[in-house]
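> return atomic coordinates for the entry below.
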Amino acid sequence: MKNTTISHDKSQELRKRFLCFLVVVLTVICIFATFSGCSAKQEKGTISRVSDLNNKDITIGGLTGSAHEPMIAEVFPNAQEKQFNSIGEMQIALEHGQIDAFVHARESLDALVEEKQNTYRVLDNIGDVDCGMAISPKTKYNQLENQLNEFLKGMQDSGELARLYQKWMIDKNYEMPDIPLADDSAETLVVGTSGELVPNSFYEGDKLVGYDIELTLQFAYEYNYKVEFRAESITSRLNDAEFGKVDMLSGGILETPERAEKVIFPETPVYTAPVGVLILDKGDTVKSGFFENILTAFEKTLIRENRWKMIVNGLGVTMLLSVGTLILGSVLGFVFCMLKRSRAKGVSKLMNGFISLIDGIPTVLVLMICFYIVFTNTGLKELPVAIIAFSISFACRTAVILDTGMNSVDSGEVEAAQAMGMSSWQVFRKILFPQAVLLAFDMYKSQVVAMIKNTSVVGFIAVQDLTKVSDIIRARTYESFFSLVFTALIYFLIARICLWLLTLAGNRMNPRRKSKKLAKKEADENDR
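Below you'll find the model as predicted:
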C-alpha cells in the first residue's frame, strides 16, 4: 500500500513537470514562429491604392462607434467591415491576416509607421473628420459647457490650437510643458481619455502625455480645476460620460450623430483630422534576426521609459484585486451557502435564484452592472467596486462548491453525532463543515485560479491592472506579441503560486496528513 502511494505521488510530480515543460516549449515555439515571420521577406502584394480595397474579398477594420465607420461603408461599399475597440487590436488583426487594412486618423497611422518601419504602409486619405472634446450631460459643473466653448474659441482665434497641432501632429514633438497646477481648494475635473492613442493621449513611461492632455491641462489651469484622468477605451469613456462618471472627454473624440445624443460637443472642434488607410507593407521587411527581434521587443516593452514600473504597478493592482476578492468572496460564499441551505423555503429559493442569475451572467457584465448601475451614486471608487463585483461572482461559485461538499458528507456521521447529544452548531462545526471543506477544496482551488484570470477584465472601468497596463504599453510600442505573452506568463506564475499556497494550506487542514505526521513522530521516538 505504501509503495502504491509513493508511486502515485511520483506519477503526479512527473505529470506536473511534463506540463510545465510543455508550456515552456510551446511558448518558445510561438516566439520563434512570430519573430522569424517578422524577419522573413514577403512577396509583393496586390494592394497599391485605395480602390483596390473595394472588393468583396477584402475585410477592413474600424473602431466601434467611430466616425470612421460610415466612411468605410461609403468609400468601400463592396468590402466587409470588422469592428474593434482599439487601434492595438486592429494592429494585431492586420498582422495576423484577420483584416486586410484598417481606417484611422492619419496622425496615428503615421506614428505607427514611423515606429515600425518597413512593416506598414499608409494609403491615400479617404476624408476628414472633426476631432474635439465632449462634456457629460450629468457633470456636476453647470458652467463647464460655456467655459469649454469660450476656451476653445479663444485658443482658435489666438492661433494656439494651430500651434499645438503643428507641435504634436506634424513635428512629432512629444515634450510636455510644465503647466502650473490649480489651487488646493479647486474642484476636481474627472476627464476620460485614451492613454493608447499616439499623438493624442498616450503614456511615456508612467506619465500621460499628448496633444489632448496638454490642451486639457491648459483648460484646467485657466479655469482653476484640478484634473483626474481616467484612461479607458472609447466605449467605456462614452459610457462613463453618459452615467456621469466623468465630467469631460478628451483624446481624439470624433463627433457622430449617435454620440451627440449621449454627450455634449463644444461649438469649436479641436482640429480636423485626415483619415487614412493602413495596410501591411508587402515589400522587404526588416532583416533583423530572431534573437535581435526578441531583445528589441524586450527593451521596448520593459526597459525603455522605465515601462517595467508600469508592469509592477499593474501587478500590484492585480494582486490587490485577487487577494481582496479571495477574502471577501470566501466569506460571502459561506454566507450564501448558509442562506442556500436555510430551512426557510423563501430564503433558500431566493438565494438559489440569485446564485443561478449571477452564474449565468459573464463576469465582465457583473462588473459593469455594479459600476454603472448598482453603485453609480455611492461615490465608491473603481477598485472597491471591482472587488465587490468579483467577490459576488466568486461567492456564488464558492457557495455551490461548499454546498456540494456538505451534501457529500456521510449522513451516518451526522446522525451518530446527534445521537450522542451534540447540538446542531456542534455537529456543523466539528463534523459537517470540516469534512465539507476538505471534500470541496480541490474545486475551490480551481475557482480561485479562474477568479484571478477573470480580474483581467477590470480595465473596462479604467482600473489599470496588469492586463490594462499591457494594453497601454502595447499601444505605445506596437509590439503586440511580446507584451501579450509576457503578461500571460505573469498570470500563469501567479496562478501556480496561488495553487501551491492553497495546496499547502489544504495539506495542513487534512487530518489524515496530521495523523501520518504524528505516527511518524511516535515511530521515531520509539526507535530512539
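> next, count neighbours for Met176.
14 (other Cβ atoms under 10 Å). Every residue, glycine included, has its C-beta placed from N, CA and C.
> I figured it was touching Asp212, is that so?
No. Shown here, Met176 and Asp212 do not form a contact pair, counting by Cβ atoms under 8 Å, at 11.8 Å.
> residue boundaries of the helices in the stretch 401-528 of the chain?
411-419, 424-427, 433-454, 466-477, 480-509, 511-527 (DSSP state H, counting those that start in this stretch).
> redo these as JSON lines? Include mean pLDDT, mean neighbour count and distance to Ala73.
Shown next, in JSON lines, are these (pLDDT from 0 to 100; neighbours: other Cβ atoms under 10 Å; distance: least, Cβ to Cβ, whole Å):
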{"stretch": "helix 411-419", "mean pLDDT": "82", "mean neighbour count": "12", "distance to Ala73": "66"}
{"stretch": "helix 424-427", "mean pLDDT": "83", "mean neighbour count": "13", "distance to Ala73": "68"}
{"stretch": "helix 433-454", "mean pLDDT": "90", "mean neighbour count": "18", "distance to Ala73": "36"}
{"stretch": "helix 466-477", "mean pLDDT": "87", "mean neighbour count": "25", "distance to Ala73": "26"}
{"stretch": "helix 480-509", "mean pLDDT": "87", "mean neighbour count": "15", "distance to Ala73": "27"}
{"stretch": "helix 511-527", "mean pLDDT": "55", "mean neighbour count": "10", "distance to Ala73": "66"}
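> Leu164 contacts Leu217, correct?
No. With contact defined as Cβ under 8 Å, Leu164 does not reach Leu217; the gap is 11.5 Å.
> looking at these two, which one has more neighbours?
More crowded of Leu164 and Leu217, by other Cβ under 10 Å: Leu217, with 22 against 18.
> do I have it right that that one meets Glu228?
No. Using Cβ under 8 Å, Leu217 is not in contact with Glu228, being 11.8 Å away.
> what angle do the helix or strand containing Ile388 and helix 433-454 make?
In this assignment (DSSP states H and E), Ile388 forms part of helix 382-408. Going by axes from the mean of the first three to the mean of the last three Cα atoms, to 10 degrees, helix 382-408 is angled at 140 degrees with respect to helix 433-454.
> helices and strands around helix 382-408, which ones?
Applying 3 or more Cβ pairs under 8 Å, 6 or more residues apart in numbering; DSSP states H and E, we find helix 382-408 packed against helix 308-340, helix 345-359, helix 363-369, helix 433-454.
> outside of the shortest one, which residues touch it?
Put plainly, it is helix 363-369. 239, 358, 361, 385-386, 389-390, 392-393, 454, 457-458, 460-461 (Cβ atoms under 8 Å, 6 or more residues apart in numbering).
> go on, stretch 87-106?
47, 53, 58-63, 68, 71-72, 82, 84, 108, 112, 120, 122-123, 125-126, 129, 131, 196-197, 252, 273-280, 471, 474-475, 478, 480.
> out of those residues, which are inside helices?
Mapping the contacts of stretch 87-106 onto helices (DSSP state H) picks out 68, 71-72, 108, 112, 471, 474-475, 480.
> about what we covered before: a markdown table for the helices and strands packed on helix 382-408, including distance to Ser136?
Shown next, in a markdown table, are these (distance: least, Cβ to Cβ, whole Å):
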| stretch | distance to Ser136 |
| --- | --- |
| helix 308-340 | 25 |
| helix 345-359 | 30 |
| helix 363-369 | 17 |
| helix 433-454 | 29 |
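> of those, which is nearest Ala260?
For those, proximity to Ala260 was assessed by Cβ to Cβ; helix 363-369 is nearest, at 23.2 Å.
> on that earlier part again, tell me which of the helices of the stretch 401-528 of the chain sits nearest to Met351.
helix 433-454 (17.2 Å).
> which helices and strands does that closest one pack with?
Counting contacts by 3+ Cβ pairs under 8 Å, 6+ apart, helix 433-454 packs against helix 308-340, helix 382-408, helix 480-509.
> could you give the angle of it to helix 308-340?
140 degrees.
> centre of the chain to helix 433-454, how far?
Centre-to-centre, helix 433-454 and its host chain are 24 Å apart (Cα atoms, centre = their mean, to the nearest Å).
> just for the chain, where's the confidence low?
1-46, 65, 282-290, 511-528 (pLDDT under 70).
> run the last query once more with 50
Within the chain, the set of residues satisfying pLDDT under 50 comprises 1-6, 8, 35-45, 285-287.
> can you give me the distance of Leu152 to Glu222?
Distance, Leu152 to Glu222, by Cβ to Cβ, to the nearest Å: 11 Å.
> what about these two, which has more around it?
The residue with more neighbours, out of Leu152 and Glu222, is Leu152; 21 against 15, by other Cβ under 10 Å.
> pretty sure the more buried one sits against Pro266.
Yes. Leu152 lies in contact with Pro266 (Cβ under 8 Å); the separation is 5.5 Å.
> common neighbours of the two, please.
Common neighbours of Leu152 and Pro266 (Cβ under 8 Å, 6+ apart) are 132-133.
> residue contacts, Val75?
Applying Cβ under 8 Å, 6+ apart, the residues near Val75 are 50, 54, 126-127.
> okay, those residues in JSON lines with distance to Ile494 next?
Below are these laid out as JSON lines (distance: Cβ to Cβ, whole Å):
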{"residue": "Val50", "distance to Ile494": "46"}
{"residue": "Asn54", "distance to Ile494": "47"}
{"residue": "Ile126", "distance to Ile494": "44"}
{"residue": "Gly127", "distance to Ile494": "46"}
